[in-house]
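S.K.: From the sequence below, what's the structure:
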Amino acid sequence: MSVHVDIHTLPAMLTALRLPSFQRHWSDLAGRADAEGWQAARFLAALAELELADRDSRRIQRHLLQAKLPAGKTLATFDFAALPTVPKARVTALAAGDWIETGDNLVAIGNSGSGKTHLLAAVGHALVEAGYRVLYTRTTDLVQRLQAARRDLALEAALGKLDKFDLLILDDITYANKDLAETSVLFELIARRYEHRSLAIAANQPFSAWDRVFPEQAVAVAAIDRLVHHATILEMNAESYRRRSAAIRIDGGPPIVRDSLSDNQTEPGSDSQT
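M.R.: Now for the predicted structure:
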């Protein structure tokens, strides 16, 4: 069967087919294929690989923008070499994402400036690059949005949109006292994602002081139970590396990231993974 092909229409056809990488690379790759005597199947496969790789790259960049992670907080900028107490192997395992597949949680507890946000954001960044969808938010900001959705009778829809993210990173969960309305929507979020979608939480208070988060003891117990049932719990009480880095810069030396990480969970009755 004879087929007439007008090569000059190829760019327009590739645009119509939404194959931008094909359009960008076909001419150079065709020249290489002609010079090296490639078969047509090899030429087509090479173009398809480029298209898929570029699509993956664009998807990751799009999901990184959607994740709203703090800038510069990645595993590459977390100084493990200077921190022998930090179990890098465990953090690397968390960054691989197996725990996301089973809807497990990650809880980082430590005093202000101990590196909780950096660590959770770094893990989140790695998970996006591994193909997961992540959203970072301050807990107070998210609670306010959920309260507004409840007032508009749209809480279910708002929670449904959050279900699209494999991991929610809730920063500063114990930063401020919460009233009963705030407690209610926060508990609904935790209960909805329990054993279904993962949460990563940064808290500057131990569980025994979570009456600041959930004033009603029964709700506090129920929320903590759901969070720690399938969870990795990292205790990070240490000298603030922000203060230390500032002091070093004043002295004229380079900034150093300091942190301390312990795998010991001191709260009774928890099932933190080891």
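
S.K.: how many other residues sit next to D98?
M.R.: Burial measure for D98: 9 neighbouring residues, criterion other CB atoms under 10 Å. (Each C-beta comes from the backbone N, C-alpha and C, glycine too.)

S.K.: cool, and Q61?
M.R.: The tally of other residues near Q61 (other CB under 10 Å) stands at 11.

S.K.: Am I right that it sits in a helix?
M.R.: Yes. Under DSSP: H, G, I helix; E, B strand; the rest coil, Q61 falls within a helix.

S.K.: how does this protein divide into domains?
M.R.: 8-64, 68-250 (automatic domain parsing).

S.K.: Turn the ones you listed into JSON lines, columns for mean pLDDT.
M.R.: Shown next, in JSON lines, are the domains of the chain (pLDDT from 0 to 100):
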{"stretch": "domain 8-64", "mean pLDDT": "86"}
{"stretch": "domain 68-250", "mean pLDDT": "88"}
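
S.K.: Give me the three-state assignment for A220.
M.R.: helix.

S.K.: can you pull the contacts of the nearest residue to it once chain neighbours are set aside?
M.R.: In space, and not counting its chain neighbours, A220 is closest to F214: 3.7 Å by CB to CB, 6 or more residues apart in numbering. Residues in contact with F214 (CB atoms under 8 Å, 6 or more residues apart in numbering) are K178, T183, L186, F187, A220, A223.

S.K.: mind running it again at 10 Å?
M.R.: With contact set as CB atoms under 10 Å, 6 or more residues apart in numbering, F214 has these partners: 178, 180, 182-184, 186-187, 190, 220-224.

S.K.: In helices, which of those residues appear?
M.R.: L180, E182, T183, S184, L186, F187, I190, A220, V221, A222, A223, I224 (DSSP state H).

S.K.: ok, A93 to A67 distance?
M.R.: Using CB to CB, to the nearest Å, A93 is found at 20 Å from A67.

S.K.: just to revisit the earlier point, could I get the contacts of F214 as TSV with distance to Y136?
M.R.: Converted to TSV, those look like this (distance: CB to CB, whole Å):
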residue	distance to Y136
K178	20
L180	26
E182	19
T183	22
S184	23
L186	16
F187	21
I190	17
A220	24
V221	27
A222	25
A223	20
I224	22
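
S.K.: quick check, nearest of those residues to N204?
M.R.: For those, the residue nearest N204 by CB to CB is K178; the value is 14.5 Å.

S.K.: my guess is the closest one meets D172, correct?
M.R.: No. Using CB atoms under 10 Å, K178 makes no contact with D172, being 11.7 Å away.
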